[in-house]
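>>> coords below, sequence missing:
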DNA sequence: TTATTGTATTTTGTATACAAAATTCACAAC
DNA sequence: GTTGTGAATTTTGTATACAAAATACAATAA
C-alpha cells in the first residue's frame, strides 16, 4: 500500500521535528540502518531526507564516517542572528516600498489579540511571533530570500527552544515595525527590524553566559 | 578501482559546472538513468548530487515526475540581487567593526594589479571581482552567512554568465569599500557595498530589457 | 480529422545486496 | 598500565532489482 508519492518528505519532516524537539541530540551520530528501521523505511529515502537536512546545515556529513546532528555553539547563535538581522531588515525595507500594502492587515492580526490583555499567554505569543517573522519574509514574494531565511530560521528554533523576550517589551516593537512599513519609511522599517532582532540576539547571549556559570 | 570516498561529490561538481556552462540547459529534464550512464555511475550517488543541487535551488524536483534544471527569470535575477545586497552589506559592516584588520591586505591585493594599467583584461578582472566578493564573506568568519551567501552566489553566476560592469566604473567602488572597512566606518562600508551591488543589479535589468526587445 | 481508451515503454521511488572502509574489541607485547 | 596488532563486526557507499507511476503511442470510435 502506497501512502506517499515521496517517502523522503514525511521522513524529512519527522527528522526535523526530532532535531527541533531534542529527541535527536546535538552531536549524535545518525546510524542510518537504525533510524531507517525505527521509521520503518529503507536507507534510500532516509538518505534523501538526511541530504536535505545536511544542506540546511542541521546535519553534518563526514564521508565514510557518518552523519551527525550538528551542534550549535555560542558563536553559531550569534552568527545566525547576524544573518537574520540582514535578511529580515531587508524584508522590512522591501515591504515598506511596496505599493500594495494589503498585507498589513495580516501582520497586524498577529498581535492585535494581545492588545489590552492583562496577562499574555507566552505560548500563544511565541507562536504569533513566529508567524509574524515568517510572514514578513513571505510577503516580500522574494523566493530566494524566503529560501535562505528559512535556512537560518530552523537553526534559531533549534537553539532557542521557545525562549522569547517578554511580550511587554516586544509587542510595541512589533507595532512600530508595522507602522514604519505602513508609512513607507524604508530606512525606519529596516532599522527597527534590525534593532528588534539585535535585542533578541542579546537575550540569547546573556542566557548562554548564565548557563556557562 | 575506487578513486573517491564519496562519488557524489565529483558528480555534484560536474553537474554544477554543466549547469553553469549551459551544457545542461535551463528547464531541461534530467533523466537520471541517462545522466548516470553518461557519467559512468549508478543512480544512487547521482541522486545525492541532485539532491544537493535541489537544495541550492539549481534543480527543481517534482515528485514522481522528475527533476528539472531550474529556469531563472527576470524577477529571480532581481530577487537574488536583493539577497546579495543584504548579505554582502552586512558582511562589509562586520568587517568594518573587526579589531584585527589583517585581511585588508588580501582584499586590496585583488585589485592592485589593475591600478595604473591602461587597458584592463576583463577576464582577469571578472575573476578578481569574484574573489573579492567571496573574500568579503569569508573574512567575516560567519559560517552560516558564508553558507547562504554561496547559495545566492551560484545563481548569480548562472544568470550573469560573466557579464560585469566596466572596470573603470567599479575599480574605484571596490577601493572605497575597502577604505571604509579599513577606517572602521561600518555604516559607510555597508552603504557603499549595497550601492555597488545595486548598480550591478541595474546592469542586469537593463541587459534583460534589451534582450527582450 | 479529433478524442479516447488501452497497452507498451520509460522513468521514478524504494528496497536490498554487496564490497570497501571504519570501528570495536580482544589479546599480545612492551 | 599503555600501546599496538589484527580479526570480527558494524556501517557506509554504490549498484542493482523491482514495483508503481507517468508517459508515449497505437488502435478504435465518434
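Noted; the coordinates are in hand. A quick note: this is a predicted structure, and the numbers were derived from the prediction, not measured.
>>> what are the buried residues along the helix or strand of chain A with the lowest mean pLDDT?
Ranked by mean pLDDT, DSSP states H and E, the weakest helix or strand in chain A is helix A:143-160, scoring a mean of 77. Buried residues in helix A:143-160, counted by 16 or more other CB atoms under 10 Å in any protein chain shown: A:144-149, A:151-156, A:158-160. For every residue, glycine as well, the C-beta is placed using N, CA and C.
>>> closest to residue B:37 among those residues?
Nearest to residue B:37 among the buried residues of helix A:143-160, counting by CB to CB, is residue A:147 at 31.7 Å.
>>> same for the host helix or strand of residue A:60, what does it pack against?
Residue A:60 is part of strand A:59-62 when elements are defined by DSSP states H and E. Strand A:59-62 sits against helix A:43-55, strand A:66-69, with contacts defined as 3 or more CB pairs under 8 Å, 6 or more residues apart in numbering or on different chains; DSSP states H and E.
>>> ok, the closest residue to residue A:70 other than its chain neighbours - how many residues close by?
Closest residue to residue A:70 apart from its sequence neighbours, by CB to CB, 6 or more residues apart in numbering or on different chains: residue A:60 at 5.0 Å. Residues near residue A:60, counting by other CB atoms under 10 Å in any protein chain shown, number 16.
>>> contacting residues for residue A:60?
Shown in contact with residue A:60 (CB atoms under 8 Å, 6 or more residues apart in numbering or on different chains): A:54, A:67-70.
>>> longest helix in chain A, please.
Longest helix in chain A by number of residues (criterion: DSSP state H): helix A:186-212.
>>> now that one: average pLDDT?
Across helix A:186-212, the average pLDDT comes to 90.
>>> helix A:143-160 and that helix, what's the angle between them?
30 degrees (axes from the mean of the first three to the mean of the last three CA atoms, to 10 degrees).
>>> what lies in contact with whatever helix or strand residue A:171 lives in?
Assigned by DSSP H and E, residue A:171 belongs to helix A:167-182. Residues outside helix A:167-182 that contact it (CB under 8 Å, 6+ apart) are A:92, A:95-96, A:101, A:104, A:107-108, A:110-111, A:114-115, A:120, A:122, A:125, A:129, A:132, A:164, A:188-189, A:192-193, A:195-196, A:199.
>>> could you pick out the residues of chain A near chain B for me?
A:5-6, A:9, A:44, A:47-48, A:51-52, A:55-57, A:63-64, A:76, A:79-80, A:82-83, A:85-87, A:89-90, A:94, A:142-145, A:147-148, A:151-152, A:155 (CB under 8 Å from any CB of the partner chain).
>>> okay, the contacts of residue A:60 in TSV with distance to DNA strand D, neighbour count and pLDDT next?
Output for the contacts of residue A:60, formatted as TSV (distance: CB to the nearest atom of the strand, whole Å; neighbours: other CB atoms under 10 Å in any protein chain shown; pLDDT from 0 to 100):
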residue	distance to DNA strand D	neighbour count	pLDDT
A:54	10	20	90
A:67	6	20	96
A:68	9	17	96
A:69	12	21	95
A:70	15	19	92
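>>> tell me which of the residues you listed is nearest to chain B?
residue A:54 (8.1 Å; CB to the nearest CB).
>>> wait, the closest one sits on residue A:61?
Yes. In this structure residue A:54 lies within contact range of residue A:61 using CB atoms under 8 Å: 5.2 Å.
>>> quickly list what's touching both of the two.
residue A:67.
>>> just to revisit the earlier point, deepest-packed of the helices and strands packed on strand A:59-62, please.
helix A:43-55 (a mean of 21; mean count of other CB atoms under 10 Å in any protein chain shown).
>>> elements contacting that one?
For helix A:43-55, the packing partners by 3+ CB pairs under 8 Å, 6+ apart come out as helix A:8-21, helix A:32-39, strand A:59-62, helix B:43-55.
>>> make JSON lines out of these and add distance to residue A:172.
Listed next are those as JSON lines, based on distance: least, CB to CB, whole Å:
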{"stretch": "helix A:8-21", "distance to residue A:172": "29"}
{"stretch": "helix A:32-39", "distance to residue A:172": "45"}
{"stretch": "strand A:59-62", "distance to residue A:172": "38"}
{"stretch": "helix B:43-55", "distance to residue A:172": "38"}
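>>> adding distance to DNA strand C, write the ones you listed out as CSV.
Below are the helices and strands packed on helix A:43-55 laid out as CSV (distance: least, CB to the nearest atom of the strand, whole Å):
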stretch, distance to DNA strand C
helix A:8-21, 5
helix A:32-39, 7
strand A:59-62, 8
helix B:43-55, 6
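>>> relative to residue A:203, which of the ones you listed is closest?
helix A:8-21 (19.3 Å).
>>> whether the closest one contacts DNA strand D - can you check?
No. Figure legend: helix A:8-21 not in contact with DNA strand D (CB under 7 Å from any atom of the strand); closest approach 13.8 Å.
>>> list the helices and strands that helix packs on?
Going by 3+ CB pairs under 8 Å, 6+ apart, helix A:8-21 lies up against helix A:32-39, helix A:43-55, helix A:143-160.
>>> list the contacts for residue A:190?
Residues near residue A:190 by CB under 8 Å, 6+ apart: A:89-90, A:92-93, A:96.
>>> let me see the contact set for the closest residue to residue A:11 other than its chain neighbours.
Excluding the flanking residues, the one nearest residue A:11 by CB to CB, 6+ apart is residue A:49, at 4.1 Å. For residue A:49, the contacting residues are A:8-9, A:11-12, A:15, by CB under 8 Å, 6+ apart.
>>> mind doing that once more with 7 Å?
For residue A:49, the contact set (CB atoms under 7 Å, 6 or more residues apart in numbering or on different chains) comprises A:8, A:11-12, A:15.
>>> hang on, the earlier thing: any of the contacts of helix A:167-182 buried? List them.
A:92, A:95-96, A:104, A:107-108, A:110-111, A:120, A:125, A:129, A:132, A:164, A:188-189, A:192-193, A:196.
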